[in-house]
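Novice: give the three-dimensional model of this entry:
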Amino acid sequence: MAMVMLFIHILGAAALGFYLILPFVVGKVTKLSLPAQEGSAAAIRGLNTYAQIALVIQLLTGGYLMSQGDYSVPWMVVIVILFLAIGAISGMMGKPLRLAMDGIKNKRDISVETGKIRTLSALIAICVLVMLFFMVYRTII
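Specialist: Next up, the predicted model:
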C-alpha cells in the first residue's frame, strides 16, 4: 500500500510542476494578442484548479506517508507550513485570474491583475522549490 501511495504522491508532485513554470508563462501572456491572452488566462485558470486538486491528493498521500515513516517534527512543521502557503497563495490567485479574464473580454488594461498573478505565481514557485528541497534532503532539519 505504501508503494501505491508513494506513486500517487509522486504523480501529484509532477502536477505541481505547473507552478514552477507559471511565472515564466505569465510573463509572456501580456505580449500576446487579445484572443490569445484570453485563451491563455482561461488555460492558466483551469490548470490552477487542477493543481489545487493535486494539492488535495498531496495532502492525503503525504499524510499517509508521514504516518508510516520516521520524520522529525521540525521537518513535518516546515512541510505543512509550505503546503498551506502553496494552497493559500494558489487560492488567492483565482480572483486576479478571473478579473484578468473579464478585463480581456472588456478590453480593459489588465496590468494590475497580471502583476498580481506574476507575484503570486513566483511566490508559489519558490514555495514549491523549497518544499522539493526539503523532500529530497529530509534529514537536514
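
Novice: OK, contacts around the residue nearest to residue 68 when sequence neighbours are not counted?
Specialist: Distance criterion CB to CB, 6 or more residues apart in numbering; nearest residue to residue 68, sequence neighbours excluded, is residue 2 at 5.6 Å. To be clear about C-beta, it is placed using only N, CA and C from the backbone, and glycine gets the same treatment. Residue 2 makes contacts with 64-65, 68, as judged by CB atoms under 8 Å, 6 or more residues apart in numbering.

Novice: now neighbour count too, for those residues, in a markdown table please.
Specialist: A markdown table is the format used below for the contacts of residue 2 (neighbours: other CB atoms under 10 Å):
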| residue | neighbour count |
| --- | --- |
| 64 | 17 |
| 65 | 15 |
| 68 | 12 |
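
Novice: the residues you listed in helices, which ones?
Specialist: Among the contacts of residue 2, the members falling in helices are 64-65, 68 (criterion: DSSP state H).

Novice: put together JSON lines for these, with pLDDT and distance to residue 90 on each row.
Specialist: Formatted as JSON lines, the ones in helices among the contacts of residue 2 follow (pLDDT from 0 to 100; distance: CB to CB, whole Å):
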{"residue": "64", "pLDDT": "93", "distance to residue 90": "22"}
{"residue": "65", "pLDDT": "92", "distance to residue 90": "22"}
{"residue": "68", "pLDDT": "90", "distance to residue 90": "27"}
